[in-house]
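*Asks:* Coordinates only, no sequence provided:
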């Protein structure tokens with residue numbers, strides 16, 4: 001796949017995805033050729049995608065980044081989800097050597113001290129394991145939604161990830177949180193109990209707090225930082241070419 005071909009394809013695919021329901025979008029993603037991988041953080045929107053993959057037995061691999069600092073509730077949900085949908089969620093963990101090197105340089109909880117240290121921790125615990133999760137894949141499915149933050153307000157259904165030379169599919173891009181919750185309620189989808197305790201976006205335990213009334217969904221992530229566009233690095237790439245709907 002050349003960059004030019006991929007970018008031209010996304011323009012067409014975005015129009016096609018807009019006309020489909022979620023099952024249709026995921027089926028189309030699975031049919032684009034090569035291996036498709038859905039990476040889940042076990043958040044409520046990701047659980048909706050996992051449910052669709054499991055219910056319709058779609059040929060999309062499901063993977064999660066088991067960072068070593070997840071909430072106990074998140075870890076329990078992995079097993080519960082596998083059992084409910086009779087699927088295997090592949091776990092990708094950070095390398096011990098990388099964790100040791102990080103701790104030696106910054107301290108185990110050094111991410112509180114600087115943005116540089118926080119990005120380094122996310123790099124070790126999430127970005128590098130993601131590379132292993134996506135190895136050999138041509139389609140990356142995510143749970144990104146436009147309503148999650150101002151930084152994601154222009155999320156397309158399909159974009160070309162130039163760094164990884166693959167198509168990135170965001171089938172829930174146009175779903176709001178009310179629609180997500182309605183699907184969960186109507187279909188008995190298991191969700192993280194932390195959502196009911198004020199955690200709409202759940203990452204590693206030391207880096208996530210409950211949000212306050214009126215705050216954006218992702219305000220509880222890395223709350224000690226002032227940058228309102230803060231991300232972990234999984235979905236931020238300098239050369240990513242995005243073609244909006």
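*Replies:* Arrived safely. The structure displayed is predicted, hence computed values, not measured ones.
*Asks:* what's the following helix or strand after the least confident helix or strand in the chain by mean pLDDT?
*Replies:* Taking mean pLDDT, DSSP states H and E as the measure, the chain has helix 3-18 as its least confident helix or strand, at a mean of 77. Next along the chain after helix 3-18, taking DSSP states H and E as the criterion, comes helix 22-30.
*Asks:* Contacts for the helix or strand following that following helix next, please.
*Replies:* Heading C-terminal from helix 22-30, the first helix or strand you meet, by DSSP H and E, is strand 35-39. Counting contacts by CB atoms under 8 Å, 6 or more residues apart in numbering, the residues outside strand 35-39 that touch it are 29-30, 46, 49-50, 53, 59-65, 130, 133-134, 136-142, 169, 234. Every residue, glycine included, has its C-beta placed from N, CA and C.
*Asks:* 6 Å instead, please
*Replies:* 29-30, 49, 60-63, 133-134, 136-137, 139-141 (CB atoms under 6 Å, 6 or more residues apart in numbering).
*Asks:* cool, and stretch 216-226?
*Replies:* Stretch 216-226 has contacts (CB under 6 Å, 6+ apart) with 148-149, 200-201, 203, 207-211, 230.
*Asks:* Among the residues you listed, which one lies nearest to residue 83?
*Replies:* Using CB to CB, residue 203 is the member of the contacts of stretch 216-226 that sits closest to residue 83, with 23.7 Å.
*Asks:* ok, the nearest residue to the closest one once chain neighbours are set aside - how many residues close by?
*Replies:* Closest residue to residue 203 apart from its sequence neighbours, by CB to CB, 6 or more residues apart in numbering: residue 221 at 5.6 Å. Here the neighbour count serves as a burial measure; for residue 221 (other CB atoms under 10 Å) it reads 22.
*Asks:* What residues are bridge-paired with residue 221?
*Replies:* Assessed by DSSP bridges, residue 221 has beta-bridge partners residue 208.
*Asks:* what ranges do the helices span in this structure?
*Replies:* Applying DSSP state H to the chain gives helices spanning 3-18, 22-30, 44-55, 72-85, 96-106, 115-122, 128-133, 177-187.
*Asks:* Which one, of those, ends up nearest to residue 162?
*Replies:* Distances from residue 162 to each of those were compared using CB to CB; the minimum, 6.0 Å, belongs to helix 3-18.
*Asks:* Could you measure from the spatially most distant residue from the centre of the chain over to residue 179?
*Replies:* Distance to the chain centre peaks in the chain at residue 104, reaching 28.7 Å (criterion: CA atoms, centre = their mean). With distances taken as CB to CB, to the nearest Å, residue 104 is found 46 Å from residue 179.
*Asks:* ditto for residue 187
*Replies:* Plainly put, residue 187 is 12 Å away from residue 179 if you go by CB to CB.
*Asks:* So if I had to pick from these two, which one is more boxed in?
*Replies:* residue 179 (16 against 12).
*Asks:* low-confidence ranges in this structure?
*Replies:* Along the chain, segments meeting pLDDT under 70 span 1-8, 227-245.
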